[in-house]
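J.: pasting the sequence and the predicted coordinates here, then a few questions.
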Amino acid sequence: MQQPNAYIGTPQNRVDGRAKVTGGAKYAAEFEAPDLAFGIVVSSAIAKGRIKSIDTSAALAVPGVLQVFTHENRPRTAWLDRNFRDETAPPGSPFRPLYDDKVIYSGQPVALVVAEEFELAAHAASLVRVEYETEPHMTDLDLKRSEAYVPPKKRSGVKPPPSPRGDAEGVFAQAPVKVHAEYRVAIEHHNPMETHASTVVYEDDGTLTIHDKTQGAQNSQSYVASVFGLSSSQVRVVSPYIGGAFGSGLRPQYQLFLAVMAALELKRSVRVVLTRDQMFTFGFRPLTIQTISLGANPDGKLLSIMHDATQTTSTFEDYQEVVVNWSNLLYHCDNVKLTYKLAQVDTYTPTDMRAPGAALGVAAIETAMDELAYATGIDPVELRLRNYAEMDEADKKSFTSKELRACYQLGAERFGWEKRNPEPRSMRDGRELVGWGMASGVWEAIMQKTAARAVLTQDGNLEVASATMDIGTGTYTILTQIAAETLGLPMTSVATKIGDSSLPKSPVQGGSWTAASAGSAVQNACLSVREQIFKYARQMESSPLANASIEQVTFAEGRIHLTNDPSASVTFAEAMQAGGVERIEAEEKASPGMLTSMRYSGYSHSAVFAEVKVDEELGVIRVTRIVTAVAAGTILNPKTARSQILGGVVFGLGMALEEESMLDHNLGRFMNHNLAEYHVPVNADVYDIDVIFVSEHEEMLNPLGIKGLGEIGVVGTAAAIGNAIFHATGKRIREYPITIDKLLG
Amino acid sequence: MNRFSYLRATSIDEAVREAAADPTARFIAGGTNLIDLMKYNVERPTRLIDITRLPLDRIEESDGGGLRIGALVTNDEAAYDPRIHDRYPLLSSAILAGASPQLRNSATTGGNLLQRTRCYYFYDPGTPCNKREPGTGCPATTGRNRIHAILGTSEHCIATHPSDMAVALAALEAVVHIAGPDGERTIALSDFHRLPGDHPEIDTILQHGEIITAVELPSTDFSRNYTYLKLRDRLSYAFALVSVAVALRMEGETIAEARLALGGVAHKPWRDPEAEAMLRGQSAAEGLFASVAACILKDAKGYEDNAFKIDLAKRAIIRALFQAASGTPQSQTDKRIQ
């Protein structure tokens, strides 16, 4: 029989679902404030140069316009790089809005028009006249590739490629079977449904309450305090709901700076919302050119892996992500050379985007492995099994758990892989060619130090709180499940509070680490409350639990009872009354285990199988079926977990076939900056997606065995689709997205 | 966004009179394109004349045995009207290939013809554009031009007309009814849109103050052998890279009458009388269709990103002719190409 209040691992509806579908959930641009003023950003038309003049007179003459802020009249702020850094910033000088007359990328904010009404601000913004002195810019990675360099300063949290092992070049030269090719993935922008926005409420005492579209309330809070010279008590960031972010909200974006600047200067509340076009004026997934050389024996065993990646970064920061390390992490090989370089172009700094690095690197290595499968005549799944990495060879560590083998097996079974004719162009459905392809996925299981508080009141209600976020992932729901189960309460008795900088300390939500980190912190806080209430229960007069230890009791339905005698029980209320307390409060932290991380590597894995149907004459591709088998430790909530993976797979589908931010190198500007021309998959593009969660026992990373699911769904999907297209057509396309022109070309 | 005044017109005369008196006034109906363009500061009307209350929202039998579609009939109403569905399924199909249900519920017949290009540069006032600001240049010719024209371009503009509906209307030889300060007039749909030439800022022959009142479909029956084949960068909700409307009248195995119009390739729905003449009196055959396709594309000019459209258009023409000749029109819901 199911234990009462045993929620972990069970499918649960989103606790915030009703608020979201009824409009009760408020997003950054929906908070109201008395005398709210509205700011509209004016964006630069050139990519590089300086502002000769800004004529704001016509804008200022519009009745209702309060101020036009430019570099000429902006209030003084901090100016040191370190003041503008945030917890996810790469090395370099962070962008400082309206800092001076220099333009360093196209779309850079050059003015903020603030007015009494949104429409007035928008109208006045169109009247601002900017004259530029242009300088030559460069946005073309192909022309900058020869100047690529190894970033001199490592980005915190991003592992550089490991030192070479063996003699990858020499062995490759002699290898009986070789694959050598270049792979590209286009620039992508995150394009969450909610555009970036900040509503800054200027309180009567001059403090600020900020509703920011962010993945880290405390990250935004400390940025604002540091840049504007405020104490943290003067700034509170409250962002309970985020309409998707995918990494775009990791760094405080310029609308936050501008809204705070205007609010402080005007001493009133200000809201700044970016337009969809302006969503293309900050971070993105950088253009990445990868070269892979695989040397193998005729039996498919890898002898040599060389994987090189060059990405763009801005001229002011060295953005970095882990692109190439995945090759050796997935496959055993003794001769390995992994290299990673940056080239500077005149754009904004790239920003982490869902599975940063992995989505790119795995797309390339998994396409290359498919090429090796054909070069050796070995089934793609079998080839991967023959080269299966039993350990993290670069770091010489064992895996905390790794059920990738089961992913291959269960995914293949569900997909019907054994019925595949390996010959390209051998399968048809009427006029269409049918292709079956597969790929592996991998993402690091990360945990970050996070704090949480639990407060139990006599009425049997529990509130858990942490400054972590829910960017649409289901954090509210899984934290509620963990808290309810840990204390033995129905989920309806638990209120989860997150997205507020005044709550216990949490890093940004990202990297798939939130479930493991905030989940463990909430569990610890609830365990602490458990101990306290158990102490009161034991101390009660003639307590039936007087001689019990905490291991001998069960917490369920608001009571503590002997596990082997449920009739011997004490209610929470009784225990608290006896203890003379109205509430029990505990704040605890959870941190990654140092010993574990010294000895073990933790990763989630997946195997993705894709079916495509291709009208070869017309270049039309339909992805008619995807099966993805995911091993990611404990699945807290199979329902929200499945949604996470579905979203990731659709993200991968976008990378495979559609998404590309097109730079006009003459103008140094992204040109398809709207959702009509930047294509993401629509319903018609998405057919059947079957998600399998492979059972994986994980006990080292954290007590609940959580690895996280935010990224793994996207990793490998593009390669599985690309490989299926090869199987269907015999045509190997090494540039994603695979569009009609590439298939016909 | 510009400041503008608003007038709700109560009669066609009033609408025409008010518009003619103000050179920067614009009519507004569904607003699915104009409002966007106003937000982008591409269109800056000082006055909006709302024509949605004018009596132009009916589909009626015309004197010549055809149908007359009022300018305010929405795309949705037109596509699902039983008369259009049965007698002009090509038009239904083309409408349903475009936009989304939400947009089709709002967009009107007249507005569809007057929608403006989706050229990236036209939409971005931060860049030059001869269509938006005459004389500033056309960065598309040397920039990103994946979605741009390959036929009928000029050095000043390589934009395309984005409509699907208009492509079918061109093939069906629809007639546009216009009311204006100087009275009423009609013009063939194929002559309604212009090529860019030296004046890409002018999309159509409509004079300021003139209003589309209806689009009339002739009685010619193309309800059996037709297709609308649209190729795009995703399976729905994207503008055509290339689309082909074909309407054939078959007599046995012989093509007695042929109409063919292309979308996504030019500043207007593209028809080629010479190519259509090649089809007349012939029977369906791959070789014939290939030479028709070659004929239509013989003067096509590709740019860096869009040269693929020339080959793609040829392939699409051949497939569409087969679809039409065999009476198996492209479904707009099943995304498998027939």
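T.: Looks like it arrived, so ask away. Residues are numbered from 1 along each chain as shown, chains lettered A, B, ... in the order given.
J.: once you drop chain neighbours, what's closest to residue B:268?
T.: Leaving aside its chain neighbours, residue B:268 sits nearest to residue B:193 (3.4 Å; criterion: Cβ to Cβ, 6 or more residues apart in numbering or on different chains). Every residue, glycine included, has its C-beta placed from N, CA and C.
J.: what pLDDT does the one you found get?
T.: In the predicted model, residue B:193 carries a pLDDT score of 98.
J.: ok, residue A:577 next?
T.: Value listed for residue A:577 in the pLDDT field: 96.
J.: my guess is it contacts residue A:457. True?
T.: No - checked against Cβ atoms under 8 Å, the pair residue A:577 and residue A:457 is beyond contact range at 11.9 Å.
J.: show me what contacts the residue nearest to residue A:55 when sequence neighbours are not counted?
T.: Among residues not flanking residue A:55 along the chain, residue A:129 sits closest, at 4.1 Å (Cβ to Cβ, 6+ apart). Residue A:129 makes contacts with A:54-55, A:58, as judged by Cβ atoms under 8 Å, 6 or more residues apart in numbering or on different chains.
J.: how does it look with 10 Å?
T.: A:42, A:53-59 (Cβ atoms under 10 Å, 6 or more residues apart in numbering or on different chains).
J.: which strands and helices lie in contact with the helix or strand bottoming out on mean pLDDT in chain A?
T.: Sorting the helices and strands of chain A by mean pLDDT, DSSP states H and E puts helix A:594-599 at the bottom, at a mean of 91. Packing partners of helix A:594-599 (3 or more Cβ pairs under 10 Å, 6 or more residues apart in numbering or on different chains; DSSP states H and E): strand A:397-399.
J.: how many other residues sit next to the residue of the stretch 151-300 of chain B found nearest chain A?
T.: Evaluated by Cβ to the nearest Cβ, the stretch 151-300 of chain B has residue B:236 as its residue closest to chain A, separated by 3.6 Å. Applying other Cβ atoms under 10 Å in any protein chain shown, we find 18 residues neighbouring residue B:236.
J.: mind checking the SS state of it?
T.: Counting by DSSP: H, G, I helix; E, B strand; the rest coil, the backbone at residue B:236 sits in coil.
J.: what residues are up against residue A:184?
T.: Going by Cβ under 10 Å, 6+ apart, the list of residues near residue A:184 reads A:141-142, A:287-290, A:360, A:363-364, A:734-736.
J.: partner strands of the helix or strand just after the least confident helix or strand of chain A, with direction?
T.: Sequence-wise, the next helix or strand downstream of helix A:594-599 (DSSP states H and E) is strand A:600-601. When pairs are called by DSSP bridges, strand A:600-601 turns out to pair with strand A:397-399 (parallel).
J.: what's the first helix or strand after the strand it pairs with?
T.: Strand A:397-399 is succeeded, C-terminally, by helix A:404-415 (DSSP H and E).
J.: buried sites along the helix or strand just after that next one?
T.: Next along the chain after helix A:404-415, taking DSSP H and E as the criterion, comes strand A:427-429. By neighbour count on 16 or more other Cβ atoms under 10 Å in any protein chain shown, the buried set for strand A:427-429 is residue A:427.
J.: same question for stretch A:483-502.
T.: Using 16+ other Cβ under 10 Å as the test for burial, stretch A:483-502 gives A:483-489, A:491, A:493-494, A:496-502.
J.: got the end-to-end distance for it?
T.: 20 Å (Cα to Cα, to the nearest Å).
J.: now do stretch A:540-554
T.: OK, stretch A:540-554 end separation, Cα to Cα: 17 Å.
J.: and the stretch 201-338 of chain B, which residues reach chain A?
T.: B:229, B:231-239, B:241-242, B:305-309, B:311-312, B:315-316, B:318-319, B:333, B:335-338 (Cβ under 10 Å from any Cβ of the partner chain).
J.: the helices in the stretch 251-400 of chain A, which residues?
T.: A:254-266, A:326-330, A:358-376, A:380-386 (DSSP state H, counting those that start in this stretch).
J.: got a markdown table for these, with mean pLDDT too?
T.: Formatted as a markdown table, the helices of the stretch 251-400 of chain A follow (pLDDT from 0 to 100):
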| stretch | mean pLDDT |
| --- | --- |
| helix A:254-266 | 98 |
| helix A:326-330 | 98 |
| helix A:358-376 | 98 |
| helix A:380-386 | 98 |
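J.: show me the one of those helices that comes nearest chain B.
T.: helix A:254-266 (16.7 Å).
J.: can you name every helix or strand that that closest one contacts?
T.: strand A:37-43, strand A:65-69, strand A:109-115, strand A:197-202, strand A:208-212, helix A:217-228, strand A:270-273.
J.: with mean pLDDT added, can I get these in JSON lines?
T.: Output for the helices and strands packed on helix A:254-266, formatted as JSON lines (pLDDT from 0 to 100):
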{"stretch": "strand A:37-43", "mean pLDDT": "98"}
{"stretch": "strand A:65-69", "mean pLDDT": "98"}
{"stretch": "strand A:109-115", "mean pLDDT": "98"}
{"stretch": "strand A:197-202", "mean pLDDT": "98"}
{"stretch": "strand A:208-212", "mean pLDDT": "98"}
{"stretch": "helix A:217-228", "mean pLDDT": "98"}
{"stretch": "strand A:270-273", "mean pLDDT": "98"}
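J.: what's the neighbour count on residue 218?
T.: Since you didn't name a chain, this refers to chain A. 23.
J.: chain B, not that one
T.: 16.
J.: list the contacts for it?
T.: So residue B:218 contacts B:62, B:64-67, B:88, B:172-175 (Cβ under 10 Å, 6+ apart).
J.: just the buried members of those residues?
T.: B:62, B:66-67, B:88, B:172-175.
J.: which of residue A:577 and residue A:457 has more neighbours?
T.: Higher neighbour count among residue A:577 and residue A:457: residue A:457, with 17 against 14, using other Cβ under 10 Å.
J.: for the residue nearest to that one when sequence neighbours are not counted, which residues are in contact?
T.: Using Cβ to Cβ, 6+ apart and skipping the chain neighbours, the partner closest in space to residue A:457 is residue A:583 (4.8 Å). By Cβ under 10 Å, 6+ apart, the contact set of residue A:583 is A:455-459, A:461, A:463, A:529, A:576.
J.: now those: which count as buried?
T.: The buried subset of the contacts of residue A:583 - by 16+ other Cβ under 10 Å - is A:455-458, A:461, A:463, A:529, A:576.
J.: keep only those of the residues of the stretch 201-338 of chain B next to chain A that are in helices.
T.: Using DSSP state H, the members of these that fall within helices are B:308-309, B:311-312, B:315-316, B:318-319.
J.: for residue 312, give me its contacts.
T.: Because you didn't say which chain, this covers chain A. A:139-141, A:144-145, A:148, A:187, A:284, A:286-289, A:319, A:342-347, A:349-350, A:663.
J.: nope, chain B please
T.: A:617-619, A:740-741, A:744, B:150, B:231, B:241-242, B:264-265, B:297, B:306.
J.: ok, now with 7 Å
T.: Contacts for residue B:312 (Cβ atoms under 7 Å, 6 or more residues apart in numbering or on different chains) come out as A:619, A:740, A:744, B:231, B:241-242.
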